[in-house]
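Enquirer: give me a model of this one.
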Amino acid sequence: MSIDEFRARAAGDDLSPRFMKWLRVNAPLLANDKTLPTLQTYLELYSQEVGDQDFTIQRWSSMKSAILRFAAEIEDRDFEYTLQIVMGYLLFLGDSGLWSGTDEQFDQAQELVLELLDVQSDEDFDEGIFEVPALTFDQKRDALLALPLAKHLQAFLAWFGSARDITSTGILTRKDIEGAAAALGMRAIGVNSAPSLVAPEAGEPVRVTSAKDLPRLHMFWDALIQVGIISLSAKRASVNDLFEHDPQIDTDQRWMHLTKDMALAIYEGLIDVEFEDEDDDDLSEEEFEDHDVVGMWMSTLLLEAGMDEGYPADSLENALSTLEGSDQKDLLVARELLHTLAQEGLIETGSHYRIPPVLKKIIAHVIAEPSSVEVDYEDELDEDLGYLGATS
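Expert: I've put the predicted structure just below:
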């Protein structure tokens with residue numbers, strides 16, 4: 001059976017793009033260039049077992065034989081992916097009204113895949129656990145204060161002084177864009193008109209009409225406000241001393257707490273998803289797509305980047321190659337945000353996207369735990385976000 005035959009099933013509907021669209025909304029990390037070939041191989045084996053090509057029903061015995069034949073040919077990690085694709089296909093058939101079997105057959109098919117996934121998970125249990133390494137106080141201090149974020153924070157507050165003028169929308173005025181950008185290691189100037197439309201030549205500053213036009217500066221500014229380092233009045237922004245009531249804390253501890261809290265605020269800002277109707281638990285695909293898909297992408301990617309060896313950069317590029325239109329645009333924005341985070345040291349790039357060990361605790365608190373992912377704190381005291389590590 002060819003993939004074209006798969007596309008011709010279900011009364012002439014073109015199922016493959018419909019399935020991929022459903023997958024991008026409901027399980028975006030599964031949607032890549034391996035998805036349809038994997039499903040095609042499984043359906044070919046299923047067709048041989050069941051003796052027909054009706055793929056809108058999946059019969060338990062034929063499914064099991066096809067899956068086990070597939071398992072004999074691939075590695076464990078690929079087998080788990082195959083099971084996830086098969087489960088996604090079942091749910092797609094159900095959600096789309098294409099399932100042609102009985103409710104009992106649908107339940108049996110799901111139970112089979114879930115049982116096999118459970119076996120696979122038991123064989124490789126640790127892969128599904130988000131691990132937070134135990135770091136001493138000295139290790140955390142050295143790692144946190146070495147982050148570009150810590151250096152930029154110190155430089156920014158040194159430049160800022162006690163107070164600065166702000167616009168009616170609560171951002172820095174044009175006259176302060178150059179100094180603020182320089183503190184973050186960027187070259188930019190505020191202008192009244194003729195902003196840069198393309199990247200400037202090497203050494204030349206970016207011309208912007210608003211501080212919001214510099215995404216990293218805007219992200220940084222929002223985090224400063226969120227943490228409480230800076231507070232806003234009608235026309236001025238002022239620096240707060242967050243430790244005035246805690247005179248025992250030393251300088252290193254202050255910068256460790258501030259850096260950690262800034263990282264937390266930045267991560268939270270990027271994964272924030274606002275629903276227009278928070279009481280609506282039954283969102284349709286169309287309603288779902290209207291919400292902050294970029295935030296959902298960021299939550300998924302940051303979680304994956306904190307697991308084991310991280311998230312392969314190739315997988316992200318493959319996912320991009322399968323997307324079109326607004327779906328591709330959303331993921332492109334998410335990729336750009338990952339590289340913005342990298343400039344502050346909040347994610348490592350290369351062959352894999354990885355969360356630095358000193359920041360995994362934050363990802364565990366803001367993403368893994370709320371997502372019901374099991375978290376293993378090597379040092380149980382790290383369950384407290386404010387804990388800075390054991391001292392010798």
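Enquirer: quick one: terminal-to-terminal distance for stretch 308-316?
Expert: In stretch 308-316, first residue to last residue: 17 Å (CA to CA, to the nearest Å).
Enquirer: what separation is there between residue 370 and residue 135?
Expert: 23 Å (CB to CB, to the nearest Å). For every residue, glycine as well, the C-beta is placed using N, CA and C.
Enquirer: which of these two has more neighbours?
Expert: residue 135 (22 against 11; other CB atoms under 10 Å).
Enquirer: which ones are touching the closest residue to that one other than its chain neighbours?
Expert: Leaving aside its chain neighbours, residue 135 sits nearest to residue 389 (5.3 Å; criterion: CB to CB, 6 or more residues apart in numbering). Neighbour list for residue 389: 135, 136, 137, 138, 139, 140, 141, 379 [criterion: CB atoms under 8 Å, 6 or more residues apart in numbering].
Enquirer: need the per-residue pLDDT for the second one.
Expert: Turning to residue 136, the model gives it a pLDDT of 96.
Enquirer: distance of it from residue 356?
Expert: From residue 136 to residue 356 the distance is 16 Å (CB to CB).
Enquirer: these two: who's more crowded?
Expert: Counted by other CB under 10 Å, residue 136 and residue 356 do not tie: residue 356 has more neighbours, with 18 against 14.
Enquirer: is it true that that one touches residue 348?
Expert: Yes: between residue 356 and residue 348 there is a contact under CB atoms under 8 Å: 6.2 Å.
Enquirer: can you pull the pLDDT of residue 6?
Expert: 50.
Enquirer: now swap in residue 232 and tell me
Expert: 96.
Enquirer: which helices and strands sit right next to the helix or strand where residue 300 lies?
Expert: Per DSSP states H and E: residue 300 is located in helix 293-306. Contacts defined by 3 or more CB pairs under 8 Å, 6 or more residues apart in numbering; DSSP states H and E place helix 293-306 against helix 251-271, strand 311-312, helix 325-343, strand 352-353, helix 360-363.
Enquirer: out of those, deepest packed?
Expert: helix 360-363 (a mean of 25; mean count of other CB atoms under 10 Å).
Enquirer: which residues touch the residue nearest to residue 362 when sequence neighbours are not counted?
Expert: Nearest non-adjacent residue to residue 362, counting by CB to CB, 6+ apart: residue 264, 5.2 Å away. By CB under 8 Å, 6+ apart, the contact list for residue 264 reads 227, 362, 365, 366, 385.
Enquirer: secondary structure for those - can I get that in CSV?
Expert: Conversion of the contacts of residue 264 to CSV gives the following (DSSP: H, G, I helix; E, B strand; the rest coil):
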residue, secondary structure
227, helix
362, helix
365, helix
366, helix
385, coil
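Enquirer: which among the helices and strands packed on helix 293-306 is found nearest to residue 111?
Expert: With CB to CB as the criterion, residue 111 lies closest to strand 311-312 of these, at 30.1 Å.
Enquirer: and after the closest one, which helix or strand comes next?
Expert: helix 313-322.
Enquirer: buried residues, that next one. List them.
Expert: For helix 313-322, burial by neighbour count (16 or more other CB atoms under 10 Å) applies to 315, 316, 319, 320, 322.
Enquirer: residue 176 is in contact with residue 163, isn't it?
Expert: No: Residue 176 is not in contact with residue 163 according to CB under 8 Å; the separation is 11.2 Å.
Enquirer: neighbour count: the two, which is higher?
Expert: A side-by-side neighbour count of residue 176 and residue 163, using other CB under 10 Å, places residue 176 first with 18 against 13.
Enquirer: which one is the more buried one nearest to, not counting chain neighbours?
Expert: In space, residue 176 is closest to residue 164, 5.7 Å off (CB to CB, 6+ apart).
Enquirer: how many neighbouring residues does that neighbour have?
Expert: 18.
Enquirer: what separation do you get for it and residue 69?
Expert: For residue 164, the distance to residue 69 - CB to CB - is 67 Å.
Enquirer: where does pLDDT dip in the stretch 201-350 of the chain?
Expert: 273-291 (pLDDT under 70).
Enquirer: of the contacts of residue 389, which pair is most distant in space?
Expert: The farthest-apart pair in these, when distances are taken by CB to CB, is 141 and 379, at 15.1 Å.
Enquirer: so how far is residue 383 from the closest residue to residue 131 other than its chain neighbours?
Expert: Spatial nearest neighbour of residue 131, excluding adjacent residues (CB to CB, 6+ apart): residue 376 at 4.9 Å. Separation of residue 376 from residue 383 (CB to CB): 11 Å.
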